[in-house]
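1. with the input below, show me the fold.
(2 chains)
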Amino acid sequence: MPLKWRWVLIAFVTLLSVYLCYPLQQKIKLGLDLKGGIHLVMQVKTDDAIKASLDLDMETLRAELAKRGVTPERIEHSGVDRMIVSGVDPAKGSELRELVSAQFSAYDLSAKGGGAFELRLKPAQARAIRETSVRQALETIRNRIDKFGVSEPVVQQIGFAGGGGEQILVQLPGIQNTERVKELIGSPAYLEWKLVSIPPGYRPEDFQRVCPAPQERILSLFNGSLPGDTELYPSEHQQAGETLYWPCKKASPITGKDLKDARRGSGRIGEAVVDFRLTPDAGQRFEDLTRANEGQLLAILLDKKVISAPRINAVIRDSGVIEGSFDVDSAEDLAIKLRSGALPAGMELLEERTVGPSLGADSIRQGIVASLLGAVLVVIFMLVYYRFSGVNANLALALNILLLLGAMAYFRATLTLPGIAGIALTIGMAVDANVLIFERIREELRLGRTVKSAISGGFGKAFSSIVDSNLTTLIAALFLFAYGSGPVRGFAVTLCIGILANLFTAIFVSRAIFDWFLGTKGRVEQLSI
Amino acid sequence: MKQLQLLTGANFDVMGRKFFFIGVSVVAMAISLFFLMSRGLNYGIDFRGGTEVRVKFLGEPAVEQIRKTLESLGIGDVNIQRIGKAEERELLIRIGQKSGAKTEGGLVGAGDISARILAALRPAKDQRLVAEGKFNLNEASAGALETWLVSRVEEGRKSGKISGSAALDPRAAAEAIVAARDSRGGIFSSMADLRGLPGVTADLQSIIQEGAFLGEMAPRSFEFVGPSAGRDLIQKATWAVVGSNLGILIYVWVRFRFIWGVAGVLALVHDVVIAMGALAFTQKEFSLTVVAALLTIVGYSINDTVVVFDRIRENLRIHRTKDYELVVNASINQTFSRTILTQFTVMLCTTALYLFGGDRLDALSFTLLVGFLSGAYSSIFVASPILVLHQRWWQSRKRKRA
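-> Residues are numbered from 1 along each chain as shown, chains lettered A, B, ... in the order given. Coordinates of the predicted model:
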């Protein structure tokens, strides 16, 4: 390539890098370890989802069998993906077989002898349930996080396909309050409305003053035993370590699925509440329910806990208010959770890393000071040792760093603390290619070659060394990227980009500078190297 | 023009002492393996699972009392160490996962580990003040501070303490205060630090003086890794090291010859073992970033080795008839100055990182430092002698056959 065009290309690459990474503070994303923020890795407990699906099928199976006059003694779980139906009348075994093949095709049936049968969820079916529950969890978390108002949050599925892939990574730069985030992400948020059972002889408004109450107290109000349709549900409000309860009807006529919208609002005295709206269909049901039960108490349960039990003062159609002892944050969080729906399966926390902004700032300062110091020392050394050619090497080094930053900005790579170390290392290694070339040129000069042929000989002979040595390093860096997680990836990214930038500057830019030097001086007798 | 030169025209008889150098390496590796076996690596929470909290204290931290409090939580072995300079009053508290203990950081429900630990660390005085309704300025986020300031300003205006016309910007003030706190290492030591901050007017200052206090501690970072996550990370790290070695072996095999690949990889294994031995000896924490350092050593060491190999290959092409050992020795000497120079510049950077990079880069830069030294040694004194020894063995086998 003619020298002129080489300069054009170099100028283009330089300007492009400057454009990409200027202004630095905005263009280079800082990792959580530098900026501060929260990093969470969660495992979706997909076994839960399978169990829940089995629970549902067990109920259906029991009902369907009853229709056919089969009443097994027991239907129970045996392991995550299978259930045992035992005590089936031997004469009715074929009924069971027929039913399973007709309606429960997701299961493999095998006879265990003695009137016992095992239904095992087909592996493909189990896998589908797992995948769906992870996807749904991901979607739910994403919804909740989006509404949290963080800039550039990361919510993604991670881990190997097959063995893992059930892990979810959440990164929230600039957020410090781990508790609130974990609460928001992790809680299932299952909302139900249930009518409160009023003990005989009580008016709802009087009972409202009694409840929530300790278990024995409620039982005594009901004369020792609860009606068949009633169960005790713990209240959110506790008293001196004692759990307080509300007696509620078992049925939940309205649940979170019926919600159309929920948002934070304010009540009569300005306290925080959650306003909700129901779907048209559920609104109709709610209207019927409230009309039939005006004056009664309607308990609102979140995750099986009663958060409040207001009296039905008027017929409510499709919108209402959830009152509780909320503050602004908790009302907002509940509204977010209700809007984003329930989590299909529980989650286990695998990793949690929170870095405060002050620690991040300290790390940046120290990392950058150390890197700059290293760079300055290298620059001085190269100048002292190689004189004019050292200037050349230092120009290449500067361009190298510029390219590195530009590429990082372009790929939206994140600068992490180990990434800074990676840059420092790149600085140390960047001059390696120049050293290889310069030493070769010196050798050629010692052999008595002219400056021109020494330069071209030096570049030519060093070329394969440079390519081989950089590519092997690149292989190691790629493995680092493939298997590294978090900050290690940041290190790998800077190292990879650094190596590629290195190849360009050492072979191409350095050569152009020498050629320009040869071109301007006419016949060059001596080379400062 | 005079050149500044280092070791050009060097002529060391490396090959003549090849058994000595290989012996040195074997002994160094044996010592490393001994430390690895006897002391073992000091696995950080990345691999072992557990909790790590960095807390900065306003006063002198009562280490013994903190240890007792945390031990009484019964969540695992407590290890407390100071970091940074003594006057920084910063503690690194590590709580190793109890073997068999269930992950308590479960997302759902109570018993959340980070909340429990931070609550336990908070001194009684802070807890009392918060219970009295005082605002902890050293633990507040900008958002919380803003909300608090707004409500206080409103109260002040109602009671006439603050004139209705006074210009106040609680958001700007809150942000300035938190930024100032962060630049002071995360903690204010006195209310006087608030003076002169942009947006912090006399009115706001008096509000803060009255209703807020400076908490005794400020959490700087919190890390929790579940035990199963740790196992996963060990597996990945192992694959990364093994995989990159294989990849390099194949590359060198294709570009040179199979035995050269083997020699290069043996040199790599040598460097990694020695770096890990040094880690075991110093008991520096073995974390994910150290794995990154080990892989970088792999990359750097092979880089160095390949440069020497390349010269050997070139010289073998030119001097087909000359003695193999002589050619290898000459090649090493020809690349000597380059090796020293590159090693020197890399060391400049790594040493700067080690001395000034801060404690969070300490283990990383230490590993790099040891590994690079070992890498420079091994490319000259391990990889090349292996080539010569192999050549000799091969020649003698050929002779026997003939």
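
2. can you give me the helices in the stretch 201-350 of chain B?
-> Secondary structure of the stretch 201-350 of chain B (DSSP state H, counting those that start in this stretch): helices located at B:202-211, B:227-255, B:258-282, B:288-318, B:324-334, B:336-356.

3. list the buried residues of the fourth one.
-> In this case it means helix B:288-318. Residues of helix B:288-318 classed as buried by neighbour count (16 or more other CB atoms under 10 Å in any protein chain shown): B:288-315. Yep, even glycine has a C-beta here, placed from its N, CA and C like the rest.

4. please enumerate the helices of the stretch 401-529 of chain A.
-> A:417-446, A:451-483, A:487-503, A:510-520.

5. what's the closest of the ones you listed to residue B:81?
-> Nearest of the helices of the stretch 401-529 of chain A to residue B:81, taken as CB to CB: helix A:417-446 at 19.6 Å.

6. can you put the helices of the stretch 201-350 of chain B in a markdown table and add mean pLDDT?
-> Formatted as a markdown table, the helices of the stretch 201-350 of chain B follow (pLDDT from 0 to 100):
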| stretch | mean pLDDT |
| --- | --- |
| helix B:202-211 | 88 |
| helix B:227-255 | 86 |
| helix B:258-282 | 95 |
| helix B:288-318 | 89 |
| helix B:324-334 | 91 |
| helix B:336-356 | 91 |
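
7. as a markdown table, these with distance to residue A:88 would be great.
-> Converted to a markdown table, those look like this (distance: least, CB to CB, whole Å):
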| stretch | distance to residue A:88 |
| --- | --- |
| helix B:202-211 | 71 |
| helix B:227-255 | 40 |
| helix B:258-282 | 61 |
| helix B:288-318 | 55 |
| helix B:324-334 | 81 |
| helix B:336-356 | 72 |
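
8. which of these is buried the deepest?
-> helix B:288-318 (a mean of 25; mean count of other CB atoms under 10 Å in any protein chain shown).

9. helix or strand right after the helix or strand harbouring residue A:233?
-> Here residue A:233 sits within strand A:230-239, counting by DSSP states H and E. Per DSSP H and E, the first helix or strand lying C-terminal to strand A:230-239 is strand A:242-249.

10. can you tell me what sits against that following strand?
-> For strand A:242-249, the surrounding residues in contact (CB atoms under 8 Å, 6 or more residues apart in numbering or on different chains) are A:194-197, A:199, A:211-215, A:218, A:222, A:226, A:229-235, A:237-238, A:299, A:301, A:306, A:309.

11. buried only: go through those residues for me.
-> Buried subset of these (neighbour count, 16+ other CB under 10 Å): A:194-197, A:199, A:211-213, A:218, A:226, A:230, A:232-235, A:237, A:299, A:301, A:306, A:309.

12. strands of the stretch 51-200 of chain A, start to end?
-> All strands of the stretch 51-200 of chain A, identified by DSSP state E, counting those that start in this stretch, fall at A:74-77, A:82-86, A:107-113, A:116-121, A:154-158, A:167-173, A:191-195.

13. the stretch 1-150 of chain B too?
-> Taking DSSP E, counting those that start in this stretch, the strands of the stretch 1-150 of chain B run over residues B:42-43, B:50-57, B:76-83, B:90-97, B:135-136.

14. partner strands of the first one and their direction?
-> Spelled out, that is strand B:42-43. Counting by DSSP bridges, the strands paired with strand B:42-43 are strand B:285-286 (parallel).

15. and the strand it pairs with, average pLDDT?
-> The average pLDDT within strand B:285-286 is 90.

16. who's in contact with stretch B:380-388?
-> By CB under 8 Å, 6+ apart, stretch B:380-388 touches B:14-15, B:18, B:21-22, B:24-25, B:259-260, B:262-264, B:266-267, B:270, B:305, B:308-309, B:312, B:324-325, B:328, B:331-332, B:336, B:339.

17. and chain A, which of those residues reach it?
-> With CB under 8 Å from any CB of the partner chain as the criterion, the contacts of stretch B:380-388 include residue B:309 near chain A.

18. count of neighbours near residue A:203?
-> Residue A:203 has 9 neighbours, counted by other CB atoms under 10 Å in any protein chain shown.

19. mind checking pLDDT for it?
-> For residue A:203, the model assigns a pLDDT of 88.

20. got any ranges where the stretch 301-450 of chain A has weak pLDDT?
-> For the stretch 301-450 of chain A, the stretches flagged by pLDDT under 70 are A:341-342, A:344.

21. all the strands of it, residue numbers only.
-> According to DSSP E, counting those that start in this stretch, the strands that the stretch 301-450 of chain A contains are A:305-308, A:319-326, A:347-355, A:414-415.

22. in CSV, list those along with distance to residue A:65.
-> Below are these laid out as CSV (distance: least, CB to CB, whole Å):
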stretch, distance to residue A:65
strand A:305-308, 34
strand A:319-326, 40
strand A:347-355, 35
strand A:414-415, 57
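
23. quick one: which of those is nearest chain B?
-> Nearest to chain B among the strands of the stretch 301-450 of chain A is strand A:347-355; the distance by CB to the nearest CB comes to 3.9 Å.

24. hmm, that closest one touching chain B?
-> Yes - where contact is defined by CB under 8 Å from any CB, part of strand A:347-355 touches chain B, namely A:347, A:348, A:349, A:350, A:351, A:352, A:353, A:354, A:355.

25. for residue A:135, the count of nearby residues, please.
-> 13.

26. so what pLDDT did it get?
-> You'll see residue A:135 listed with a pLDDT of 81.

27. got any ranges where the stretch 51-200 of chain B has weak pLDDT?
-> Looking at the stretch 51-200 of chain B by pLDDT under 70, you get B:98-112.

28. and with 90 instead?
-> Counting by pLDDT under 90, the ranges of the stretch 51-200 of chain B that qualify are B:51-52, B:58-63, B:65, B:69-79, B:81-89, B:94-127, B:130-134, B:137-175, B:178-187, B:189-200.

29. and the stretch 301-402 of chain B, which residues reach chain A?
-> Residues of the stretch 301-402 of chain B lying near chain A (CB under 8 Å from any CB): B:302-304, B:306-307, B:309-311, B:314, B:334-335, B:337-338, B:341-342, B:344-353, B:355-358, B:360-361, B:364-365, B:368.

30. go with 6 Å
-> When proximity is defined as CB under 6 Å from any CB of the partner chain, the stretch 301-402 of chain B approaches chain A at B:302-303, B:306-307, B:310, B:337-338, B:341-342, B:345-346, B:348-349, B:352-353, B:356-358, B:360-361, B:364.

31. list the contacts of stretch A:288-304.
-> Stretch A:288-304 has contacts (CB atoms under 6 Å, 6 or more residues apart in numbering or on different chains) with A:188, A:190-194, A:196, A:204, A:246, A:248, A:253, A:306-309, A:311-312, A:315-316, A:322.

32. and for stretch B:347-366?
-> A:363, A:366-367, A:369-370, A:373-374, A:377-378, A:417, A:421, A:424, A:427-428, B:83, B:284-285, B:289-290, B:293, B:368-369.

33. alpha carbons of it, as PDB, please.
-> The C-alpha coordinates for stretch B:347-366 follow below in PDB (Å, rounded to 0.1, in the frame of the first residue of the first chain):
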ATOM      1  CA  MET B 347       7.700  -5.900  35.200                       C
ATOM      2  CA  LEU B 348       7.600  -2.100  35.400                       C
ATOM      3  CA  CYS B 349       3.800  -2.300  34.800                       C
ATOM      4  CA  THR B 350       3.200  -5.300  37.000                       C
ATOM      5  CA  THR B 351       5.300  -3.900  39.800                       C
ATOM      6  CA  ALA B 352       3.500  -0.600  39.700                       C
ATOM      7  CA  LEU B 353       0.200  -2.500  39.800                       C
ATOM      8  CA  TYR B 354       1.400  -4.500  42.800                       C
ATOM      9  CA  LEU B 355       2.700  -1.600  44.700                       C
ATOM     10  CA  PHE B 356       0.000   1.000  43.900                       C
ATOM     11  CA  GLY B 357      -3.000  -0.900  42.600                       C
ATOM     12  CA  GLY B 358      -4.600  -1.200  46.000                       C
ATOM     13  CA  ASP B 359      -5.600  -4.300  48.000                       C
ATOM     14  CA  ARG B 360      -8.300  -5.400  45.600                       C
ATOM     15  CA  LEU B 361      -5.600  -6.000  43.000                       C
ATOM     16  CA  ASP B 362      -3.000  -7.300  45.300                       C
ATOM     17  CA  ALA B 363      -3.500 -11.100  44.700                       C
ATOM     18  CA  LEU B 364      -3.900 -10.500  41.000                       C
ATOM     19  CA  SER B 365      -0.700  -8.500  40.500                       C
ATOM     20  CA  PHE B 366       1.300 -10.700  42.900                       C
END
